[in-house]
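Peer 1: Starting from these lines, generate the structure:
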Amino acid sequence: MQLPEPNYVYLNASAHKACAAANIQCVPAFLEKIQQIYEMMLVRHGFMIVGYSFSGKTTAYRMLADALEICEENVNVPNTLSVTSVPTHQKMIAVYND
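Peer 2: Just a heads-up that it's a prediction; the model follows:
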């Protein structure tokens, strides 16, 4: 079974625009991280981005959110990224309990 190659032309162009607006260098490794987060977002309902301090986790998902906004304005791709930050000392019941 041969899987088709993903086409990220619009996402990549939007990511470059979002990075330029935020004065961030969009190097190939950073663009790959944005694509990986996007792929993970498509197949999972919730996920956690883990890594070393100052490795670009927050910047990558923020640039993805901005890129999806640009895509939505230009290509009518729905922006489905919503971020919930949960401090490690809080229990999940306290976060979603009103």
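
Peer 1: CA atoms for contacts and neighbours, from now on please.
Peer 2: Noted.

Peer 1: Looking only at the helix or strand where residue 59 lies, what residues are buried by neighbour count?
Peer 2: Assessed by DSSP states H and E, residue 59 sits inside helix 57-75. Residues 57, 59-71 are the ones in helix 57-75 that count as buried (16 or more other C-alpha atoms under 10 Å).

Peer 1: Run through who's touching it.
Peer 2: Residues from elsewhere that reach helix 57-75 (C-alpha atoms under 8 Å, 6 or more residues apart in numbering): 10-11, 14-19, 30, 33-34, 37-38, 49-51, 77-79, 81.

Peer 1: cool, and stretch 24-37?
Peer 2: Residues contacting stretch 24-37 (C-alpha under 8 Å, 6+ apart): 8, 12, 15, 16, 19, 20, 60, 61, 63, 64.

Peer 1: Quick one: mean pLDDT over it.
Peer 2: Averaged across stretch 24-37, pLDDT comes to 94.

Peer 1: for stretch 65-81, same thing?
Peer 2: On average, stretch 65-81 scores 75.

Peer 1: do the same with stretch 46-61
Peer 2: For stretch 46-61, the per-residue pLDDT averages 90.

Peer 1: First-to-last residue distance for that stretch?
Peer 2: Length of stretch 46-61, first residue to last, C-alpha to C-alpha, to the nearest Å: 13 Å.

Peer 1: so can I have CSV of the contacts of stretch 24-37 showing distance to residue 43?
Peer 2: Compiled in CSV, those are given as follows (distance: C-alpha to C-alpha, whole Å):
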residue, distance to residue 43
8, 16
12, 19
15, 20
16, 24
19, 25
20, 28
60, 18
61, 16
63, 19
64, 16
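
Peer 1: Now the two most distant members of these.
Peer 2: Largest separation among those by C-alpha to C-alpha: 8 and 20, giving 17.8 Å.

Peer 1: Tell me where this protein has helices.
Peer 2: In the chain, the segments counted as helices under DSSP state H are 9-21, 28-43, 57-75, 92-96.

Peer 1: Any idea which of those helices gets closest to residue 2?
Peer 2: Between the helices of the chain, helix 28-43 lies closest to residue 2; by C-alpha to C-alpha that is 18.3 Å.

Peer 1: Right, I'll call it a day here.
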